[in-house]
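Enquirer: Using only what follows, build the 3D model:
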Amino acid sequence: MRHTFKHTNPYLLTMQSTRFAKIILGEMIVLIASVLIFRSLWTLLDQYIGYSYLIEMLVIGIILAITGLILLNHEVNCEIEGDKTAKN
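Expert: Sure, this is the predicted structure:
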């Protein structure tokens, strides 16, 4: 079996690495921002609700997390199925 290699333009490789660097930078910013938001929300909930509703908050959080994961999974599956039908 004979392998053929495509010659790539160095400019395109530079553009791709710049795009990936921007994506990674954006994800790092979102990660840090989400930690700050989570910490602030946690402090606000402790201040206003206190510790008397921890079980209820846990149940609400679990329900919201499961709902979000089901929604994301459905959308990803739709995207994958759309890619499969587009290629055929």
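Enquirer: use CA for all of it now, contacts and neighbours both
Expert: Noted.
Enquirer: Tell me where this protein has helices.
Expert: Assigned by DSSP state H, the helices in the chain fall at 10-48, 54-87.
Enquirer: Let me have those helices in CSV, extended by mean pLDDT and mean neighbour count.
Expert: Output for those, formatted as CSV (pLDDT from 0 to 100; neighbours: other Cα atoms under 10 Å):
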stretch, mean pLDDT, mean neighbour count
helix 10-48, 86, 12
helix 54-87, 85, 11
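Enquirer: spatially speaking, which residue is in the middle of the chain?
Expert: Glu27 (8.4 Å; Cα atoms, centre = their mean).
Enquirer: what about that residue, distance to Ile37?
Expert: Distance, Glu27 to Ile37, by Cα to Cα, to the nearest Å: 15 Å.
Enquirer: domains of this structure?
Expert: Domain ranges of the chain: 6-49, 53-88, per automatic domain parsing.
Enquirer: How far does the first one sit from its chain's centre?
Expert: The offset between the C-alpha centroid of domain 6-49 and the centroid of the whole chain comes to 9 Å, using Cα atoms, centre = their mean, to the nearest Å.
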